[in-house]
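In: 3D model of this:
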Amino acid sequence: MKIIETKIKDLLILEPKIFSDSRGWFMESFNQNTFNSILQKRNQTRVNFVQDNHSISHSGVIRGLHYQLNPFAQGKLVRVVSGKVWDVAVDLRKKSPTLGQWVGIELSSENHRQFWIPAGFAHGFIALSDNTQFLYKTTAYYSKESERCIKWDDPDLAISWPIDKVDTIIQTDKDNNAPNFKDLISINKDLF
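Out: Residues are numbered from 1 along each chain as shown. Next up, the predicted model:
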């Protein structure tokens, strides 16, 4: 597996080896020992995944920026099995030198990339094609009471969403009415 470092420590892009022949292709999408070895080499804590989630989104659907508070904070290993997304993680760790910074990458069924987002980050994506199937493993169970979100188009975060690639933005009221990042910072609320 090829590991690509990002500008924010701990966020990793993983590219699995693809074995192709006349029948099609094969890849190992996850191996717990390999994954924990990757984390250990980067001085990150070993993780165990407890839940897998699968969503389908139409082009222009924005999901996020979501996160859960401790003790239900989730690390996520995300990938796309059909279609394409622009995937974003925002650093919410109070003591981090990259607090409020973000990393965005394209995940698609063609590039087979996976994105490791540890606990302490908000996460979201925009579907860039219809019937995009998004899979992710989490290190904690979903907790409605612990769930929080940040406005996806917060001007202070200035995330470069590729919205010119879609006709319309589709989101839930919860995401549309989410607070801005500076509101969380000003009261030091809901950060890690």
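In: ok, longest helix in this structure?
Out: When the chain is parsed with DSSP state H, its longest helix is helix 32-41.
In: which outside residues touch that helix?
Out: Here helix 32-41 makes contact (CB atoms under 8 Å, 6 or more residues apart in numbering) with Met1, Ile3, Leu12, Leu14, Thr45, Arg46, Val47, Asn48, Phe49, Leu77. C-beta: built from backbone N, CA, C; applies to glycine.
In: spit out the contact partners of the last one.
Out: The reference is to Leu77. Contact analysis of Leu77 by CB under 8 Å, 6+ apart lists Leu14, Phe30, Phe35, Phe49, Gln114, Phe115, Trp116, Ile117, Tyr136, Lys137.
In: return the member of these nearest to Ser57.
Out: Nearest to Ser57, judged by CB to CB, of these is Tyr136 at 12.7 Å.
In: would you turn the contacts of Leu77 into CSV with distance to Ser143?
Out: Listed next are those as CSV, based on distance: CB to CB, whole Å:
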residue, distance to Ser143
Leu14, 26
Phe30, 23
Phe35, 23
Phe49, 16
Gln114, 24
Phe115, 22
Trp116, 21
Ile117, 17
Tyr136, 16
Lys137, 16
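In: out of those residues, which comes closest to Cys149?
Out: Ile117 (14.8 Å).
In: quick one: contacts for the closest one?
Out: So Ile117 contacts Leu11, Gly75, Lys76, Leu77, Val78, Ala89, His123 (CB under 8 Å, 6+ apart).
In: nearest to Ile169, of those?
Out: Closest to Ile169 out of those is His123 (17.6 Å), distances taken as CB to CB.
In: how about the secondary structure of that closest one?
Out: Using DSSP: H, G, I helix; E, B strand; the rest coil, the structure places His123 in strand.
In: surely it touches Gln68?
Out: No - counting by CB atoms under 8 Å, Gln68 is not a contact partner of His123; they are 10.2 Å apart.
In: out of the contacts of helix 32-41, which are buried?
Out: Leu12, Leu14, Val47, Phe49, Leu77 (16 or more other CB atoms under 10 Å).
In: need the max-distance pair from those.
Out: Maximum pairwise distance among the buried ones among the contacts of helix 32-41 (CB to CB): 15.1 Å, between Leu12 and Phe49.
In: sketch out the low-pLDDT regions of this protein for me.
Out: 187-190 (pLDDT under 70).
In: tabulate the CA atom coordinates of the helix or strand containing Val88 in PDB.
Out: When elements are assigned from DSSP states H and E, Val88 belongs to strand 84-91. Provided in PDB are the C-alpha atoms of strand 84-91 (Å, rounded to 0.1, in the frame of the first residue of the first chain):
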ATOM      1  CA  LYS A  84     -16.500  10.500  -7.300                       C
ATOM      2  CA  VAL A  85     -16.400  12.900  -4.300                       C
ATOM      3  CA  TRP A  86     -14.300  15.900  -3.100                       C
ATOM      4  CA  ASP A  87     -13.600  14.800   0.500                       C
ATOM      5  CA  VAL A  88     -12.500  17.300   3.200                       C
ATOM      6  CA  ALA A  89     -11.200  17.000   6.800                       C
ATOM      7  CA  VAL A  90     -10.800  20.100   9.100                       C
ATOM      8  CA  ASP A  91      -8.500  20.000  12.100                       C
END
